[in-house]
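Colleague: Sequence plus the predicted model coming up.
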Amino acid sequence: MSSAEDRYRAAVSTMEAAAREQDEQRGLRERRLAEAQQQAREGMQKELAAAQKYAEHMDELNKRKQSAGGWATEKTLADKSRESLMEFGVHDEEADTGYTNYPTPSYGTPAAAVAPPRPEPAPEPPPAAPEPPRRGRHARQPDDEDDFSSTSWLV
């Protein structure tokens, strides 16, 4: 009978291993589902915040339009927060003055280290004369206005 008992114990252990594997797979599926739900919840919260910000902006633009008598002009819809912003320093320095910024000279460079001037490149040959424009196959003769050879009379 020992062989029957051995087969029985082997079958029981196989069933227990299958049940354990199913439980682990179920747990893994539930964890993945919880993670996916959390990511979706966070994404929706971000989208909701962006949509609320957009709705507030559109409400502000609509209020400006209504206060301007219903006219949606560029001045009415301009961003008011930028007008009240005072800018000093860096923006003043970056203003285009029309002058080119040259590099600061280095006053300790020996004279021998200065590179000799580059030779000028050889002049390019003049371009070839352009070809006269080619006329299309059915183009009209420039001097004959009564030439109807290209007209189809069967239309």
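Modeller: Sure thing, it's come through.

Colleague: what does the average pLDDT come to for the helix or strand encompassing residue 51?
Modeller: Here residue 51, judged by DSSP states H and E, is contained in helix 2-67. Across helix 2-67, pLDDT averages out at 94.

Colleague: now do stretch 132-152
Modeller: Throughout stretch 132-152, pLDDT has a mean value of 70.

Colleague: now do the same end-to-end measure for it.
Modeller: Chord length of stretch 132-152, first to last residue, is 29 Å (C-alpha to C-alpha, to the nearest Å).

Colleague: now swap in stretch 137-152 and tell me
Modeller: Distance across stretch 137-152, first residue to last, is 15 Å (C-alpha to C-alpha).

Colleague: re the thing from before, which helices and strands does the helix holding residue 51 pack with?
Modeller: helix 74-77 (3 or more C-beta pairs under 8 Å, 6 or more residues apart in numbering; DSSP states H and E). Glycine gets a C-beta too; all of them are placed from N, C-alpha and C.

Colleague: which residues does residue 63 contact?
Modeller: For residue 63, the contact set (C-beta atoms under 8 Å, 6 or more residues apart in numbering) is empty.
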